[in-house]
Structures are given as C-alpha cells and as structure tokens.
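Engineer: Got a sequence here, can you model it:
(one chain, ligands or ions: 1)
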Amino acid sequence: MFKLITVFGATGMQGTSVINHILDDPHLREEFRIRGVTRDITKSAAKALLNRNIDIVTADLNIASTIIPAIRDSHTLFLVTDYWAHQDPNTEFEQGKNVIDVAKAAGVKHVIFSSLDSAIWQTDGRYKYVGHREGKARVEEYRRASGMAWTSVLVGYYMSNFLGLVERVFCGEGEEYRLRYPFEGRRAVLPLVDAERDVGVFVGAALKDPDGFAGRRVLAADRYYSAQEVMETFCCVTGKQGVFRQATPKEFRDLAPEGCGLEYMETHKMIDEYGYFMGGVGELNESLQLVQGSTSSLTEYFRRVSSHWD
Ligand SMILES: NC(=O)c1ccc[n+]([C@@H]2O[C@H](COP(=O)([O-])OP(=O)(O)OC[C@H]3O[C@@H](n4cnc5c(N)ncnc54)[C@H](OP(=O)(O)O)[C@@H]3O)[C@@H](O)[C@H]2O)c1
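Structural biologist: Numbers count the residues shown, from 1 in each chain. The predicted structure follows:
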C-alpha cells in the first residue's frame, strides 16, 4: 500500500529535488506515491512531471480552499514557501498557516517544512530586514502550537546563487570573473548546498525514518566554504580568471536586484556576524551524519553548470 506525499513547489528547485530523490531511490519509490502541486498545470515544468507518472494538482498557497483537495488523503507533505515571489513575511506566514490548518484537519501524519531561523529573534532585533527568514520562522512557531509531527529542513545557501553573483567584468584589455560580498573572503561562512540535487537527500532521510526525524531540525548543506574558496574552485573548474573582492556595504547593495538591496546587505552581514544557521559547525556535522556524505561538492556543482559562463 502506497503512502501519498504531496510536494508543494513541485516545479521549483527544492520540490524538484525532493521528487527526483524519491523517484531515484528504490525504497522510497516503492513506499510513496507523489502528488506535485503547481498553480499552473500548463507550464512546461508541470508537464514534465506528468511525463514522469506523478499526479499533478493545481493549488495556490494564498487560497486555503484550493489547498484542501491538494492535501486530501496525504500521509506526508513537503512544504516550501516562495518568499521571493512576493517579498512579504506576512504573506509567507499566511501560506504556511493555511497549509498547517488544512493538514491538521486532514490528518496528515508528517510535515516536512523548508525553513530558516528568524534574524530578528536570533540577533535581538539588530537585523530587521532579512524578510525571507521571518515568515518561515513564524510558520515554525505556529506549527509548534498545532502539535503536528514535523521535521524542519533548514536549507543552506544555494550554490546556484553563484550563477548570478559571479559576474564577468571587463578590465583593461582582458576580462575577469568576480564575486563580491561585504565581508572578508577567507572566513568560511557559507554553508553551500546544491539545492536542486541535495534538498531531496535530506528530505529523503526524514521520509525513511519519520519517527526518528519528528520534531527535528535538519541543516541541509555540503559544508562551509569561504568566498575565496568559492572563486578558487570556480577558476579550477572553469579555467577562467576569477577573483573575490570585498565590497563596501553600498557597493553590495547596488549589486542586488531592484528593491532587494537592504535585504541582501543585511542577509550577508548577518551571515558574517552570526553564522548562516546561527549555530556552530557541529550542528551541520550532525545533519551530515544523517545523510552519510552523499551531498554534492562545489566542484561537482561548478562542473555541472560551467557552460553558464561560456
Ligand atoms: N537562494 C537561497 O540561497 C535559499 C536558501 C535557503 C532557502 N531559500 C528559500 O527557498 C524558497 C524558494 O524555493 P525554490 O528555490 O524551490 O523556489 P523556485 O525554484 O523559485 O520555485 C518556486 C516554487 O514555488 C511555487 N509557488 C510559488 N508561489 C506559490 C503559491 N502562491 N502557491 C503555490 N505554489 C507556489 C512555484 O510553483 P508554480 O509556479 O508552479 O505554481 C514553484 O514551484 C524561498 O522561500 C527562499 O527563501 C533560498
């Protein structure tokens, strides 16, 4: 008898990773049937899922009534909320709350939530504008009161962020590839994860042992890297000339997409000062033991995407 897992964000990076991992794992694909959620069944990423023999349903996290059929009969949920679609912590909280309310009423046995800690709470209010963390943290608080069986997967800093952050710069006769952050380049502060591949690795471990993972926080990353190491790895894999340069706060704000300057700046200053997971290296090592070294390294990631910079 199959258990049904509903995967929110099925067409996105994290949801795709979860689906791929279940389908690639002989035990999990025996145990679980997958239902993927999208708002638009006609988009190519949704059609690609249909071709893989996955049920696809339409639902919008903003509209609670659409979530009810998406969750019906589910044993397990994977929930990722997309802050960057609206950049409003209250909206992200409402989305998570909608799912918890429906899941509780539907008798879902295990919710796996893609989460992050609150910068406001963890820094005593010093970093107020790291909005992508606040809604997720409030969802966590709400679910605690719900009493549901729950696993939080705190997802590390995506390696895919470098697709935008490592930029080609023309200088004099030549060119170089440049990464800039508003912190010193040699301190290892970035817990990098190949999200497209490895979010599913951590979620898969929780699916295999739901009792062991109930109430647990799992940190999803390969390991901590410094910005300097990122660029050394980039040069080594691509053969291109690349450097890390420390940016002033103003320069870094100006690098961000329109309207995101303050949040990008605070995010990276906070990572430097408090740590991305706000905890020590030990907590990440504990999570890595759960997946027994099966995460992808930055070298493997850059090999996979190196043509992006051609
Ligand atoms: N970048 C990083 O380093 C990093 C690190 C940790 C955590 N995160 C977090 O990761 C989250 C984004 O996850 P991702 O990278 O997997 O996203 P993504 O690849 O951009 O995809 C977004 C997914 O969310 C779905 N979605 C968006 N709004 C929805 C709504 N109202 N109702 C239902 N589904 C909705 C989309 O589905 P359809 O469009 O098909 O409906 C899509 O599947 C963000 O909250 C971000 O804070 C990012």
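Engineer: Now do the contacts for the residue of the chain found nearest the ligand.
Structural biologist: Closest contact between the chain and the ligand, by Cβ to the nearest ligand atom, is at residue 12 (2.2 Å). No exception for glycine: its C-beta is placed from N, CA and C like everyone else's. Listed by Cβ atoms under 8 Å, 6 or more residues apart in numbering, the contact set of residue 12 reads 45, 80, 82.
Engineer: Let's see that with 10 Å instead.
Structural biologist: 38, 45, 80, 82, 85, 195, 196 (Cβ atoms under 10 Å, 6 or more residues apart in numbering).
Engineer: quick check, residue 113 in a helix?
Structural biologist: No. Residue 113: not assigned to a helix; according to DSSP: H, G, I helix; E, B strand; the rest coil it is strand.
Engineer: so what's it closest to, chain neighbours aside?
Structural biologist: With sequence-adjacent residues excluded and distances taken as Cβ to Cβ, 6 or more residues apart in numbering, residue 113 is closest to residue 79, at 4.9 Å.
Engineer: and that neighbour, what does it touch?
Structural biologist: Per Cβ under 10 Å, 6+ apart, neighbours of residue 79: 6-9, 14-15, 37, 61, 95-96, 99-100, 103, 111-115, 139, 143, 150, 153.
Engineer: per-residue pLDDT, the residue of the chain closest to the ligand?
Structural biologist: Per-residue pLDDT puts residue 12 at 98.
Engineer: what does residue 257 give?
Structural biologist: 90.
Engineer: Point me to the helix or strand that includes it.
Structural biologist: Assignment of secondary structure by DSSP states H and E places residue 257 within no helix or strand.
Engineer: Next, give phi and psi for it.
Structural biologist: Dihedral angles of residue 257 (phi, psi; degrees, to the nearest 10) stand at phi -60, psi 160.
Engineer: From residue 52, how far off is it?
Structural biologist: 32 Å (Cβ to Cβ, to the nearest Å).
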